[in-house]
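> Predicted model follows, preceded by the sequence.
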Amino acid sequence: MGHQNKFSFRVRYGETDQMGVVYHGNYAQYLEMGRVEWLRSLGFSYKQMEKDGIMLPVISLQMHFRKSATYDDLLTVVTRLTKTPVVKIEFDYEIRNERDELLVTANTVLAFMDMHTSKPVKCPPAILEKLNPA
């Protein structure tokens with residue numbers, strides 16, 4: 001298992017406080033960016049999943065802050081699948097700066113949900129096929 005993806009971007013000024021440090025609430029968005037790019041690396045998109053009637057709400061989020069990111073830092077989000085998804089999908093993350101210093105570790109759990117019934121559903125077979133090619 002453990003399919004992973006790396007995604008890099010620069011911290012924008014509006015994501016920082018008056019001291020030039022990234023506001024802690026922005027890290028959840030960085031994790032989302034990592035998940036979107038993780039899916040894209042498999043050939044899928046959140047947009048298409050929603051068109052297909054599947055949404056992925058976050059049901060658990062844990063973050064451990066080790067060091068601050070600052071304005072204009074080049075950050076890399078490493079997004080790693082922890083195990084084969086069934087009804088839930090779980091990711092571990094690392095956010096590092098361009099000096100490869102570990103800034104944040106995190107974990108999220110999301111649930112596959114039918115948008116019309118708001119009921120949990122199994123992971124789409126197409127995603128499982130990409131994760132476990134024959």
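Yep, it's here. Note that this is a predicted model, so its numbers are computed, not measured.
> make it CA atoms for all contacts and neighbour counts henceforth
Fine.
> Thr76 is in contact with Lys6, correct?
Yes. With contact defined as Cα atoms under 8 Å, Lys6 counts as touching Thr76 (6.4 Å).
> between those two, who's got more neighbours?
When Lys6 and Thr76 are compared on other Cα atoms under 10 Å, the one with more neighbours turns out to be Thr76, at 22 against 17.
> from memory the more buried one sits against Arg99, does it?
No. Using Cα under 8 Å, Thr76 makes no contact with Arg99, being 10.4 Å away.
> for the protein, what's the longest helix?
Determined from DSSP state H, the single longest helix within the chain is helix 26-41.
> Would you map the helices across this protein?
When assigned using DSSP H, the helices of the chain occupy the ranges 26-41, 46-51, 125-131.
> closest to Pro85 out of the ones you listed?
Closest of these to Pro85 is helix 125-131, at 7.7 Å (criterion: Cα to Cα).
> Find the nearest non-adjacent residue to Val77, please.
Of all residues not flanking Val77 in the chain, Ile95 sits nearest, at 4.6 Å (Cα to Cα, 6 or more residues apart in numbering).
> What about Tyr23, how many residues nearby?
Neighbour count for Tyr23, taken as other Cα under 10 Å: 16.
> who's in contact with it?
Listed by Cα atoms under 8 Å, 6 or more residues apart in numbering, the contact set of Tyr23 reads Glu15, Thr16, Asp17.
> close enough to count as contact, the second one and Val22?
Yes. The pair Thr16 / Val22 is scored as a contact, 4.1 Å apart, by Cα under 8 Å.
> Looking at these two, which has the bigger crowd around it?
When neighbours are counted by other Cα under 10 Å, Thr16 and Val22 differ, and Val22 comes out ahead with 22 against 18.
> before we move on, the earlier item: which of the contacts of Tyr23 lies closest to Leu110?
When the contacts of Tyr23 are compared for distance to Leu110 (Cα to Cα), Glu15 wins out at 24.7 Å.
> My read is that the closest one contacts Asn26, right?
Yes. With contacts counted by Cα under 8 Å, Glu15 reaches Asn26, the gap being 6.6 Å.
> So which of the two has more stuff around it?
Ranked by neighbour count (other Cα under 10 Å), Glu15 and Asn26 place Glu15 first, with 17 against 12.
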